[in-house]
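A.B. asks: Let's see this in three dimensions:
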Amino acid sequence: MNFLSLLIVAGEASGDMHSARLLSEIQRLLPEVRAFGMGGAELRAAGLEVVADSEEISVVGISEALKVLPRAREIFRTLLMEVERRDSGAAVLVDSPDFNLRLAKALKRRGRKVVYYISPQGWAGRRGRVRLIAKVGDKMLVVLPFEVEFYRQHGIDAVHVGHPLVDEVPRLDHVWDRLPDSAGPFNIALLPGSRKSEVESILPTLLEAARELRRHLEVRLKLIKASSLDRAYLETFIESSGLDVEIVENDRFPALADSHLALCASGTATLEVGMIGTPMIVVYRVRPWTYLLGRLLVRLPNVSLVNLVLGKRVVEELIQGSARPARISDEAVRLLTNQDRIRRMRSSLEQLWVRLGESGASRRAAAEVVGFLGDMDR
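C.D. replies: Residues are numbered from 1 along each chain as shown. As a prediction, this is how the structure comes out:
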């Protein structure tokens, strides 16, 4: 059998997870594919030959990015050398635009074809990226339906395949009608992000907010661990706080379903929490100059994916200076003790299942990739 070499590059935990599902479906349709590239544990388990671990360069913030820049450059060169060595004609690049758009540009200079999976959300700001995508990408597979028209208006071949979370998050109907007892105890889930740089900025604030919250309500704390993080690393934060916090490594969705409230870092996790039906408050902090630059480049009424997908402010966003422990605690108390507000939030969150499309996203994305690879051979 003649093997087909395919480069796959995913940058952080959610991209690693979605890419793994995609690779499994590609291999089912095209067994002769041999994939290599950058990823994490999920992609490795799915059969990717990992020549670089995404955890090495998965950071948020300007100063954090500068620290990993030398290693990012090494990985960049290694990937390009492997493309040449394996004579790989195509790549699937997943999200992570700061790294992947530069890589796409280099691949195009070398005559390689590029499929971009999971849009870098050019529609949400930084539209200068869209012009670059039009130059360096051959096909865009988007997960939100309204992205298609935006990209097509800019001359980009875009196809809506649906969101892979629809297949990954279970529909737990019993959660939607459950309301907390006003007397408690209340189960609080902490989701501080999947990157160490996020955790270092957010987790101490969440733990201090939990301490403040305990002055008003009886609460039980669970930290939902991202697969990209070590348990021992998270334990150092918990030990420093002196709080009793259970770390959930497996069965994250039942743990979220059992929670009355999630304090959640902005990112893909907000969609997971919302699809489960757990009320949430989105919390996010980065270094001040990173935040100021971001505000200059991206002008949006909301920053969390759950609010962006729903097109309105459904969950409270406490960003940067607003993400103070006392403020987080006050918002949590107001939400937990207001059943009408919980009902309204859940009514809106249920629309996520409609907005994110039908099941089978990974299968449809794989069919698009396989079809694209077939067209290259003609």
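A.B. asks: Walking through the stretch 251-378 of the chain, point out its strands one by one.
C.D. replies: Remark: strands assigned in the stretch 251-378 of the chain by DSSP state E, counting those that start in this stretch are 261-265, 280-284, 316-319.
A.B. asks: Make a markdown table out of these and add distance to residue 83, mean neighbour count and mean pLDDT.
C.D. replies: To be clear about C-beta, it is placed using only N, CA and C from the backbone, and glycine gets the same treatment. Shown next, in a markdown table, are the strands of the stretch 251-378 of the chain (distance: least, C-beta to C-beta, whole Å; neighbours: other C-beta atoms under 10 Å; pLDDT from 0 to 100):
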| stretch | distance to residue 83 | mean neighbour count | mean pLDDT |
| --- | --- | --- | --- |
| strand 261-265 | 34 | 27 | 96 |
| strand 280-284 | 35 | 26 | 94 |
| strand 316-319 | 39 | 20 | 92 |
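A.B. asks: so which of those strands comes closest to residue 344?
C.D. replies: Residue 344 lies closest to strand 316-319 among these, at 12.5 Å (C-beta to C-beta).
A.B. asks: Give me the most central residue, this structure.
C.D. replies: residue 268 (3.5 Å; C-alpha atoms, centre = their mean).
A.B. asks: Would you format the strands of the stretch 251-378 of the chain as a markdown table with distance to residue 155 included?
C.D. replies: Shown next, in a markdown table, are the strands of the stretch 251-378 of the chain (distance: least, C-beta to C-beta, whole Å):
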| stretch | distance to residue 155 |
| --- | --- |
| strand 261-265 | 34 |
| strand 280-284 | 33 |
| strand 316-319 | 33 |
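A.B. asks: what mean pLDDT does stretch 78-97 have?
C.D. replies: Confidence for stretch 78-97, expressed as mean pLDDT, is 94.
A.B. asks: on that earlier part again, just give the closest residue to the residue nearest to the centre of the chain, not the sequence neighbours.
C.D. replies: Taking C-beta to C-beta, 6 or more residues apart in numbering, and ignoring the residues beside it in sequence, residue 268 has residue 14 as its nearest neighbour in space, at 3.9 Å.
A.B. asks: Any idea how many residues pack against that neighbour?
C.D. replies: 25 (other C-beta atoms under 10 Å).
A.B. asks: which SSE is it in?
C.D. replies: Per DSSP states H and E: residue 14 is located in helix 13-29.
A.B. asks: Residue ranges in the stretch 101-250 of the chain under the pLDDT threshold?
C.D. replies: Residue ranges of the stretch 101-250 of the chain with pLDDT under 70: 121-128.
A.B. asks: tell me the contacts of the residue nearest to residue 172 when sequence neighbours are not counted?
C.D. replies: Once flanking residues are discounted, residue 172 sits nearest to residue 257: 4.9 Å by C-beta to C-beta, 6+ apart. By C-beta atoms under 8 Å, 6 or more residues apart in numbering, the contact list for residue 257 reads 172, 174, 175, 276, 277, 278.
A.B. asks: about what we covered before: next one: the residue nearest to residue 268 relative to residue 375, how far apart?
C.D. replies: As judged by C-beta to C-beta, to the nearest Å, residue 14 and residue 375 stand 29 Å apart.
A.B. asks: just residue 255 next, same as before
C.D. replies: Distance from residue 255 to residue 375, by C-beta to C-beta: 44 Å.
A.B. asks: Domain-wise, how is the chain divided?
C.D. replies: Taking automatic domain parsing as the reference, the chain has its domains at 4-163+358-376, 173-355.
A.B. asks: And the buried ones among the contacts of residue 257, selectable in PyMOL?
C.D. replies: The buried residues among the contacts of residue 257 can be selected in PyMOL (16 or more other C-beta atoms under 10 Å) with this line:
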select buried, resi 172+175+276+277+278
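A.B. asks: May I see the buried residues of stretch 225-244?
C.D. replies: By neighbour count with 16+ other C-beta under 10 Å, stretch 225-244 contains the buried residues 225, 226, 228, 229, 234, 237, 238, 241, 243.
A.B. asks: Between the two ends of it, what distance do you get?
C.D. replies: 15 Å (C-alpha to C-alpha, to the nearest Å).
A.B. asks: Tell me which residues are up against that stretch.
C.D. replies: Outside of stretch 225-244, the residues within contact range by C-beta under 8 Å, 6+ apart are 12-13, 16-17, 40-42, 55, 58, 193-196, 199, 203-204, 207-208, 210-211, 221, 223, 245, 247-249, 252.
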